[in-house]
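Colleague: Next input, structure requested:
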Amino acid sequence: MKIVKAVCAPGRTGFYFDDQRAIKAGAVSDGSAYIGEPKTPGFTAVRQAGESISVMLILEDGQIAYGDCAAVQYSGAGGRDPLFLAEDFIPVIEQHVLPALIGEEADSFRRLAEKVEKIEVDGKRLHTAIRYGVSQAVLDAVARASHKLMCEVLAAEYNTEVSDRMVPIFTQSGDARYDNADKMIMKGAQVLPHALINNVETKLGKDGQLLKEYVAWLRDRILKLRPSEDYTPVMHIDVYGTIGQAFGNHNYEAMADYLGTLAEAAHPFMLRIEGPMDVDEREGQMKALSALTKLIDERGIKVQLVADEWCNTLEDIKYFADNRAGHMIQIKTPDLGCISNSLEAVLYCKEKGVGAYLGGTCNETDRSAQACVHVAMASKPDQMLAKPGMGVDEGYMIVYNEMQRILALTK
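Modeller: As a prediction, the model looks like this:
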């Protein structure tokens, strides 16, 4: 079954592009907007509408396979590719990507994904968002041509088995960390709440007291609202390097002491802390996170550290996993380019005994989230992000329902 035509359409994402540098530098939130000057190249405002590009591949029999190109909320930060705007990148896809796919047989996802990965423009690889969306469309095309589910195609080509159970879903609250936590608990989210702790003064607290109070509140809220005693979710909080800002990026003893108090506040629930520090470059980040992980283990502190910043590509993930920089690694799907890289990253983490978190961003689309569910069901990570958006209900629904469809169809 050949790909005979291809079309692009501009789209919106489930959230926004945020200038992380400007926010860390003190941009002030004003309702849903931020007031301040952008600091990352390409941004015209600290927060601006998220954009996507839908890539549609038309097969010989008229079926239409599609995927959505999308980039992370904090584009241009932490070593990532620049801001992804549809107007700028639709011409790139139309001129350099689609001609390479038209006429191809939709018979092998791995072969076509590798072809997409190798395309270069002016000596540079395609933007990660392009590789991300086009590879989704390619996977869908192969699945439609072979009359299989996308996860079944992946399992067959990567010698895995499709999961026979739900992958734990991680929901994210945005700044509505109190109201949205209630939604998560009532819906039985297995991992929660993300919490968006991205400012020392207003969210972490200079001595960490604000976050400690929130963790204690969340513990009590779960105990009050949970539907049964069997519901024991994992607390997973992303602190965007603010613990390092407050206590010193290399002051591992002080950070460990503080993390110990958070673990006590979270008891009896497991606590994960994502991005405890951000040292602004890859090797330094790996070494700092590895050192803190080792100290946490030696002291028996009941908290798991999650790698995020500066751990963007498949190569980065292998580097962090090899050096045990974190107990778990976020595989931020749009940052890895082709979704084949996300699947391989999950398998590599599992091989190394490191937790695999198939993540992504609130700034994705319904289609990219569905495609990632198929990656998750074919690779069985420890958890997967509910996406897109920060409203909880919508992203959780999209991911949960797609998993349930797969489970029903593969029984």
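Colleague: which SSE is the spatially closest residue to residue 8 that is not a sequence neighbour in?
Modeller: Spatially, and ignoring its direct neighbours in sequence, residue 8 is nearest to residue 90 (5.0 Å; Cβ to Cβ, 6 or more residues apart in numbering). All C-beta atoms are positioned from the backbone trio N, CA, C, and that covers glycine. Take DSSP states H and E as the rule and residue 90 turns out to sit in helix 86-92.
Colleague: Next secondary structure element downstream of that helix?
Modeller: Sequence-wise, the next helix or strand downstream of helix 86-92 (DSSP H and E) is helix 98-101.
Colleague: Now that next one: buried residues?
Modeller: The neighbour-count check on helix 98-101 (16 or more other Cβ atoms under 10 Å) flags 98, 101 as buried.
Colleague: Check the average confidence over that helix, would you?
Modeller: Averaged across helix 98-101, pLDDT comes to 97.
Colleague: What is it packed up against?
Modeller: strand 3-18, helix 109-118 (3 or more Cβ pairs under 8 Å, 6 or more residues apart in numbering; DSSP states H and E).
Colleague: what's the shortest one in contact with?
Modeller: This points to helix 109-118. Under the contact criterion Cβ atoms under 8 Å, 6 or more residues apart in numbering, helix 109-118 has outside partners 97, 100-101, 104, 106, 125-126, 131, 134-135, 138-139, 141-142, 153-154, 157-158, 337-341.
Colleague: Quick one: work out the angle between it and strand 3-18.
Modeller: 60 degrees (axes from the mean of the first three to the mean of the last three Cα atoms, to 10 degrees).
Colleague: Name all residues that make contact with residue 23.
Modeller: Taking Cβ under 8 Å, 6+ apart, we find residue 23 in contact with 34, 46, 198, 199.
Colleague: quick revisit: the contacts of helix 109-118 in strands, which ones?
Modeller: Members of the contacts of helix 109-118 lying in strands (criterion: DSSP state E): residue 125.
Colleague: Can you say which of the contacts of helix 109-118 are buried?
Modeller: 97, 101, 104, 106, 126, 131, 134-135, 138-139, 141-142, 153-154, 157-158, 337-341.
Colleague: For residue 166, list the residues it contacts.
Modeller: Residue 166 makes contact with 400, 403, 404, 407, according to Cβ under 8 Å, 6+ apart.
Colleague: Most neighbours of all the contacts of residue 23, which one?
Modeller: Among these, residue 46 has the most neighbours (other Cβ atoms under 10 Å), with 26 neighbours.
Colleague: Quick check: closest non-adjacent residue to that residue.
Modeller: Distances taken as Cβ to Cβ, 6+ apart place residue 34 nearest to residue 46, at 3.7 Å, with adjacent residues excluded.
Colleague: and residue 151, what is it in contact with?
Modeller: 162, 373, 374, 375, 377, 378, 406, 410.
Colleague: would you turn those residues into TSV with pLDDT and secondary structure?
Modeller: Below are these laid out as TSV (pLDDT from 0 to 100; DSSP: H, G, I helix; E, B strand; the rest coil):
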residue	pLDDT	secondary structure
162	98	coil
373	98	helix
374	98	helix
375	98	helix
377	98	helix
378	98	helix
406	98	helix
410	96	helix
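Colleague: Name the pair among those with the greatest separation in space.
Modeller: Spanning the widest gap among those are 375 and 410, at 15.1 Å by Cβ to Cβ.
Colleague: Which one of these two is surrounded by more residues?
Modeller: Using other Cβ under 10 Å as the criterion, residue 375 and residue 410 rank with residue 375 on top: 27 against 15.
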